[in-house]
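Engineer: I would like to see how this sequence folds:
(chains A and B, ligands or ions: 1)
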Amino acid sequence: MIILSVETSCDETSVAITLDGRTVLSNVVLSQIDTHTLYGGVVPEIASREHVKGITHVFKKALKDAAVTAADVDLVAVTQGPGLIGSLLVGINAAKAFAYAHAKPIIGVHHIVGHMYANAINQSLEFPLLALIVSGGHTELIWMPSHMQFERLGKTQDDAIGEAYDKVARILDLGYPGGPKLDALAKTGTARFAMPKTQLDGYDFSYSGLKSHVINVVHNMAQREETYDPADLAASFQKAAMNQIFEQTQKAIKAYHPKRLIVAGGVAANAYLRAHMKDVWDVPIEIPAFEYCTDNAAMIGIAAYYQWQASPKSWSFDFNGFARMDFLTEAYNKGEEVIR
Amino acid sequence: MKTYLAIDTATDTLFVSLTVSGTEVFLYAETGTRDHAVKLMPTIIKALSDHSLDPKHLEGIIVGVGPGSYTGVRMGVVVAKMLASEWHVPLFEVSTLALMASGCNDDVCGAMIDARNDYVFGAVYNVATADPVVPPSYIEKTDLLERFPQATFKETLMPNMDRLLNTAWVKAVADIDALTPNYVRRTKAEKDRHDS
Ligand SMILES: [Zn+2]
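Structural biologist: Numbers count the residues shown, from 1 in each chain, chains lettered A, B, ... in the order given. The predicted model follows:
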């Protein structure tokens, strides 16, 4: 089964061609990073405008790179949400028009489900599994007994981990994108600053206390006109942020005994996480290749394959995009069309 | 044989029209529903399927490129770009304000779309030639009205397809991939960056 998938939920215009929920034939990602760097972060209206500029070209390039024609496509899949609504609607309308033009079925896919299924590229998922989702919008532990079955064990009570990284990067004036820059800087520093340890219930996470602490440290040192190495502060923050991920996830591994832990989301690209995870987590770990951690359409095509297996019927052309959207609904678990 | 699909999603009117051999056979122009994302594709599909029109018989797709609602106009433009690309059908662009003004029968006609804070997206056209006397602009409403006290200003979208197809209102898009809406205004972030 050949799937053409579309992902425009934030600032990457991406179209991919995937085969049988496993092989990536092409994955074109038109990044807007240079544009948003000018503004120190993603400007939603500019992101939407850039998507319109690139969208038809990216469709054509994805087909060409995969050496596939539109007629070969069996299914069109598109990120329905969550994300920036203006950006999502560009991809959704483009995908609908393409599907209609070639009389193909179409389905919407949840962005985070896409991130999880990035781990099924070139391999099979082993169930039951525990999924750790770490991104700019999510910090969650999800239990998956089988394909397309999701049960949330824990989530952040306030900021997402990627959001905390971006805010701390901003305080340290590291530029955009903040997370990867903070990760790179931390590598050169020593974690010599004491960081608070948040008391957490169950498998939940919390990052606002840690973030506020870093802000206070910076302000207090500025007031006392003390100099410090920002790399040390970055290293201290990173160690504390990741320890929370390591500990809460390990707690869930011990209680649930998954066959695999899969890590997903933009923060899965973090070098510190990748370097230390095998020492902490006592279970075989899957983590996507670097290029499939950040937003890309290939992961949407892989997820779409399994969603189609669960419910092989085209959605009608009136489905909408949603800025906020939960995938832990009965409808989504059954692979059915999400109306709201 | 004038056979065109026309789309505009820049205002709170969702406009889809199908003209077959010079006769408008399908018209959808509903105002105020604010659900273009939901209705756009189903309405296009209905237009073509009701008349069993094979897309390869289209002489062109005409799309309103704004100004108007940013999120709204993008949907029509993206759908038009994609359909024209995939069906290999010529694409034509027209200002949303020109689409509005085309429905007016005076010699000089204006069109305006509320842009908040006493401003409008406005334009004024010589109807016979389709020449813009004032091109699409972001302009103070009172300013526009004072400059053209005699002109009729259209504020809703009800184009005259016959006039659009027989005079110079629409223009061919040479590079379909490159077409973007005519937002008229830069984003606030771009403006702030430019001003600083
Ligand atoms: Zn993402």
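Engineer: any idea how far A:Gly137 lies from chain B?
Structural biologist: Distance, A:Gly137 to chain B, by Cβ to the nearest Cβ, to the nearest Å: 20 Å. Yep, even glycine has a C-beta here, placed from its N, CA and C like the rest.
Engineer: mind checking the SS state of that residue?
Structural biologist: The assignment at A:Gly137 comes out as coil when based on DSSP: H, G, I helix; E, B strand; the rest coil.
Engineer: Without its sequence neighbours, what residue ends up closest to it?
Structural biologist: Counting by Cβ to Cβ, 6 or more residues apart in numbering or on different chains, the nearest residue to A:Gly137 once its immediate chain neighbours are dropped is A:Ala160, at 5.3 Å.
Engineer: got it, and A:Asp229?
Structural biologist: A:Gly189 (6.0 Å).
Engineer: ok now do the one you found, which residues does it touch?
Structural biologist: Contacts for A:Gly189 were tallied using Cβ atoms under 8 Å, 6 or more residues apart in numbering or on different chains; they are A:229-236.
Engineer: Among those, name the buried ones.
Structural biologist: Taking 16 or more other Cβ atoms under 10 Å in any protein chain shown as the criterion, what is buried in those is A:230-236.
Engineer: Would you mind measuring from the residue nearest to A:Gly137 to A:Lys167?
Structural biologist: To A:Lys167, A:Ala160 is 10 Å away according to Cβ to Cβ, to the nearest Å.
Engineer: higher neighbour count, these two?
Structural biologist: A:Ala160 (23 against 19; other Cβ atoms under 10 Å in any protein chain shown).
Engineer: So what does that one look like in phi/psi?
Structural biologist: phi -80, psi 160 (degrees, to the nearest 10).
Engineer: Tell me, what's the model's pLDDT at it?
Structural biologist: Predicted confidence (pLDDT) for A:Ala160: 95.
Engineer: thinking it is in contact with A:Asp166, fair?
Structural biologist: No. Contact status for A:Ala160 versus A:Asp166: not in contact, 9.4 Å apart, counting by Cβ atoms under 8 Å.
Engineer: which residues touch A:His213?
Structural biologist: If you count contacts by Cβ under 8 Å, 6+ apart, A:His213 has them with A:195-196.
Engineer: likewise A:Val73?
Structural biologist: Per Cβ under 8 Å, 6+ apart, neighbours of A:Val73: A:2-4, A:17, A:102, A:104.
Engineer: how about a cut-off of 6 Å?
Structural biologist: Contacts of A:Val73 were listed using Cβ atoms under 6 Å, 6 or more residues apart in numbering or on different chains, and they are A:2, A:4, A:104.
Engineer: Same list, the residues you listed, but as a markdown table with distance to B:Val78, neighbour count and pLDDT please.
Structural biologist: What follows is the contacts of A:Val73, written out as a markdown table (distance: Cβ to Cβ, whole Å; neighbours: other Cβ atoms under 10 Å in any protein chain shown; pLDDT from 0 to 100):
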| residue | distance to B:Val78 | neighbour count | pLDDT |
| --- | --- | --- | --- |
| A:Ile2 | 23 | 18 | 98 |
| A:Leu4 | 16 | 33 | 98 |
| A:Lys104 | 17 | 18 | 98 |
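Engineer: Tell me which of these fall in strands.
Structural biologist: Of those, the ones assigned to strands by DSSP state E are A:2, A:4.
Engineer: could the contacts of A:Val73 be laid out in a markdown table, adding distance to A:Tyr272?
Structural biologist: A markdown table is the format used below for the contacts of A:Val73 (distance: Cβ to Cβ, whole Å):
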| residue | distance to A:Tyr272 |
| --- | --- |
| A:Ile2 | 38 |
| A:Leu4 | 36 |
| A:Lys104 | 42 |
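Engineer: Go through the contacts of A:Val73 and name the one nearest A:Leu132.
Structural biologist: A:Leu4 (29.1 Å; Cβ to Cβ).
Engineer: The closest one bridge partners, please.
Structural biologist: Residues in a beta bridge with A:Leu4, per DSSP bridges, are A:Ile17, A:Val76.
Engineer: So which residues of chain B form helices?
Structural biologist: B:36-50, B:70-87, B:96-101, B:141-147, B:161-166, B:188-195 (DSSP state H).
Engineer: Spit out the contact partners of the spatially most central residue of chain B.
Structural biologist: Note on chain B: the residue nearest the mean C-alpha position is B:Gly64, at 2.4 Å, using Cα atoms, centre = their mean. By Cβ under 6 Å, 6+ apart, the contact list for B:Gly64 reads B:8, B:10, B:94, B:96, B:99.
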